[in-house]
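Enquirer: Test case, fold it:
(2 chains)
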Amino acid sequence: MTHTFYIAMSYAVTAIVILCLIAWTWLDGRARRQELAELEASGIRRRSAQPTGDAG
Amino acid sequence: MTDSLAISKFSDLANPTRFLALAARILPFMAAATAILFAIGLYLSFTTEGDYQQGLTVRIMYVHVPSAWLSMMCYTVMAVSAIGTLVWRHPLADVSHKAAAPLGAAFTLIALATGSLWGRPMWGTWWVWDARLTSVFVLFLMYLGLIALNRAMDDPSRAARVSAVLILVGFVNIPIIKFSVDWWNTLHQPASVIRMGGPTIDREFLWPLLVMAIAFTLLFFTLHVMAMRNEIWRRRVAAQRRMAARLAGREA
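Expert: Numbering: from 1, shown residues only, chains lettered A, B, ... in the order given. Below is the predicted model:
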């Protein structure tokens, strides 16, 4: 195998791992934001985010 | 005066809500800077000349060395966070070391894979059990162990304390990795950039290597801030679901 093969494979492996990492972090964030939005829509809010009148 | 301001700014970050606000503000800049540095780094990597002995395979160095540096830096960041968990009970320290572990595992995997792909044409073998390669492989296994441990326990603060102890015990491996090439006779070459007496590497290779190293480091911190933000959101979702379940139980 030529040197070009090893160089191309190295950059390909690096690109695949990094792109998977970016995609996974991005999708994880999107899923969590969606869950928070769903909870908010169903009226569940963080205690600190609730209006003072609701506290009791 | 400045000191107290700096300290209060730092302790402000202990508040996850403030951290989320700061993350939202700085992430676009960090991502843009990472992309620009990668563009420059890749351009330099593919326009510099080959080595007189290694030929063009020297280009593998521009991805291998930064990921190997990062595999150790990520573990150091985790060790500092582990101290934050155990000593200061910093609320974001748990989040920090939990979020960093998969990133560290990924960069260590890149270092191992590209090292192997460089070893085959230069050493004539994909792998040898020499001190440098074996200690980096142990680091990879430690990252996997820490990810498994964090996922196996339901209580995040208990998982954080247990993994913090394990991270600090495992930190002994970092100087072993760094100095393995000096302490033992290894097939892997000794340090040629960060060493006493300055770098021995030619300028032709040093520049692309430095730019790629900064790009990789920025990429790590960008992903780390994103992963920390995800973890804070994950904990908020869990807390709010518990609250919803309690409310539903009270109403029933």
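Enquirer: In chain A, which residue sits nearest chain B?
Expert: Relative to chain B, the nearest point of chain A is A:Arg32 (3.7 Å; C-beta to the nearest C-beta). All C-beta atoms are positioned from the backbone trio N, CA, C, and that covers glycine.
Enquirer: Nearest spatial neighbour of that residue, chain-adjacent residues omitted?
Expert: Among residues not flanking A:Arg32 along the chain, B:Trp233 sits closest, at 3.7 Å (C-beta to C-beta, 6 or more residues apart in numbering or on different chains).
Enquirer: re the thing from before, show me how far the one helix or strand the residue of chain A closest to chain B maps to is from its chain's centre.
Expert: A:Arg32 belongs to helix A:3-41 when assigned by DSSP states H and E. Put simply, helix A:3-41 sits 8 Å off its chain's centre (C-alpha atoms, centre = their mean, to the nearest Å).
Enquirer: and that helix, which residues are buried?
Expert: A:3, A:6-7, A:9-11, A:13-14, A:17-18, A:21-22, A:25, A:28-29, A:32, A:35-36, A:39 (16 or more other C-beta atoms under 10 Å in any protein chain shown).
Enquirer: Report the mean per-residue pLDDT for the strand or helix carrying B:Pro28.
Expert: Assigned by DSSP H and E, B:Pro28 belongs to helix B:16-47. Helix B:16-47 shows a mean pLDDT of 94.
Enquirer: For the residue nearest to A:Arg32, grab the count of nearby residues.
Expert: 20 (other C-beta atoms under 10 Å in any protein chain shown).
Enquirer: And B:Leu141, by the same measure?
Expert: Using other C-beta under 10 Å, B:Leu141 is surrounded by 12 other residues.
Enquirer: For it, give me the pLDDT.
Expert: Each residue has a pLDDT score; the one for B:Leu141 is 97.
Enquirer: Which of the three states applies to it?
Expert: Secondary structure assignment for B:Leu141 (DSSP: H, G, I helix; E, B strand; the rest coil): helix.
Enquirer: For it, give its distance to chain A.
Expert: From B:Leu141 across to chain A, the span is 17 Å (C-beta to the nearest C-beta, to the nearest Å).
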